[in-house]
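Visitor: Next input, structure requested:
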Amino acid sequence: MSDPIEISYRFSFEDGLEEIYSLSFDPESMDLLGPLPAEPPGWTALAFHRCPHCTLDSDSPICPEALALAPVVQGFDGRRSYDPTLLEVSTRERRISARTTLQRALSSLMGLIMATAGCPHAAFLKPMARFHLPLASEAETLYRASSMYLLAQFFRARAGYAPDLSLRGLEARYAVIETVNVSMAKRLRAAMSTDPAVNAVIILDTYAKLMPFSISESLEAVRPAFAPYL
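Guide: Have a look, this model is predicted:
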């Protein structure tokens with residue numbers, strides 16, 4: 001069996017302190033392997049601000065997304081959304097660094113965690129997590145999400161299923177993600193005394209809300225680059 005996929009996030013602040021989160025993923029399923037807290041905080045309970053469309057068994061006591069986010073929440077409680085930070089993201093292939101705000105850096109980390117932690121509604125994002133791009137812009141996210149979805153339709157067609165080349169299915173999946181983001185923001189407001197993690201989810205939610213409107217319009221902006229195929 002292949003070794004786990006490792007992605008490390010290092011946050012360096014102007015006060016000299018650092019926070020490091022080293023994540024491990026199953027190389028085949030892209031399930032998040034850890035780290036996870038030994039003692040789940042109360043706000044991670046499945047029944048606490050549970051998503052109205054949650055499909056998890058009600059006998060399961062913990063929301064997997066909330067549990068996976070708990071170490072991040074604990075590490076950044078007390079900091080402010082706009083605190084400057086030097087973010088360094090290390091993978092097996094490369095290291096990426098950028099100076100940004102805490103909320104934007106957190107949004108990148110939390111998006112990776114939420115896609116791989118075990119929420120059935122977010123599982124469609126695992127291919128993007130597999131080829132993670134830290135601090136992706138709105139345009140990059142649109143391009144990557146559309147490319148991911150169309151590659152999924154190629155695999156569906158090869159497996160004998162009807163492919164969706166209209167991208168309507170992608171729009172529908174992002175609409176479902178909006179509900180997940182709203183419920184997660186409610187959890188995080190109860191979990192933290194400051195708002196960087198809440199604002200990080202709001203950034204993710206902004207992308208989710210824009211996606212249905214951007215697909216039909218914004219993809220036309222990159223159409224000229226595909227002239228050799230047309």
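
Visitor: In the protein, spot the helix with the most residues.
Guide: helix 196-222 (DSSP state H).

Visitor: Buried residues, that helix. List them.
Guide: Buried residues in helix 196-222, counted by 16 or more other C-beta atoms under 10 Å: 196-205, 207-208, 211-212, 214-215, 218. From N, CA and C alone the C-beta is placed, and that goes for glycine too.

Visitor: Can you measure across stretch 112-125, start residue to end residue?
Guide: This stretch, stretch 112-125, spans 9 Å end to end (C-alpha to C-alpha, to the nearest Å).

Visitor: So, low pLDDT: which residues of this structure?
Guide: Within the chain, the stretches with pLDDT under 70 are 1, 216.

Visitor: tell me the angle of the strand or helix carrying Phe155 relative to helix 196-222?
Guide: Assigned by DSSP states H and E, Phe155 belongs to helix 138-158. With axes from the mean of the first three to the mean of the last three C-alpha atoms, to 10 degrees defining the directions, helix 138-158 sits at 70 degrees from helix 196-222.

Visitor: other SSEs contacting helix 138-158?
Guide: helix 126-130, helix 168-191, helix 196-222 (3 or more C-beta pairs under 8 Å, 6 or more residues apart in numbering; DSSP states H and E).

Visitor: buried ones in that helix?
Guide: Thr141, Leu142, Tyr143, Arg144, Ala145, Ser146, Met148, Tyr149, Ala152, Gln153.

Visitor: where does the closest residue to the fourth one other than its chain neighbours sit relative to Met148, distance-wise?
Guide: Meaning Arg144. Of all residues not flanking Arg144 in the chain, Met128 sits nearest, at 5.7 Å (C-beta to C-beta, 6 or more residues apart in numbering). From Met128 across to Met148, the span is 6 Å (C-beta to C-beta, to the nearest Å).

Visitor: picking that back up, the residue nearest to Arg144 and Ile7, how far apart?
Guide: Note on Met128: its distance to Ile7, by C-beta to C-beta, is 13 Å.

Visitor: With Ser146 instead?
Guide: 23 Å.

Visitor: what are the pairing partners of the one helix or strand Leu23 maps to, and which direction each?
Guide: Using DSSP H and E, Leu23 maps to strand 18-25. Here strand 18-25 is paired, per DSSP bridges, with strand 5-13 (antiparallel), strand 32-34 (antiparallel).

Visitor: a markdown table for the ones you listed, including distance to Asp83 and mean neighbour count?
Guide: Listed next are those as a markdown table, based on distance: least, C-beta to C-beta, whole Å; neighbours: other C-beta atoms under 10 Å:
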| stretch | distance to Asp83 | mean neighbour count |
| --- | --- | --- |
| strand 5-13 | 6 | 17 |
| strand 32-34 | 26 | 17 |
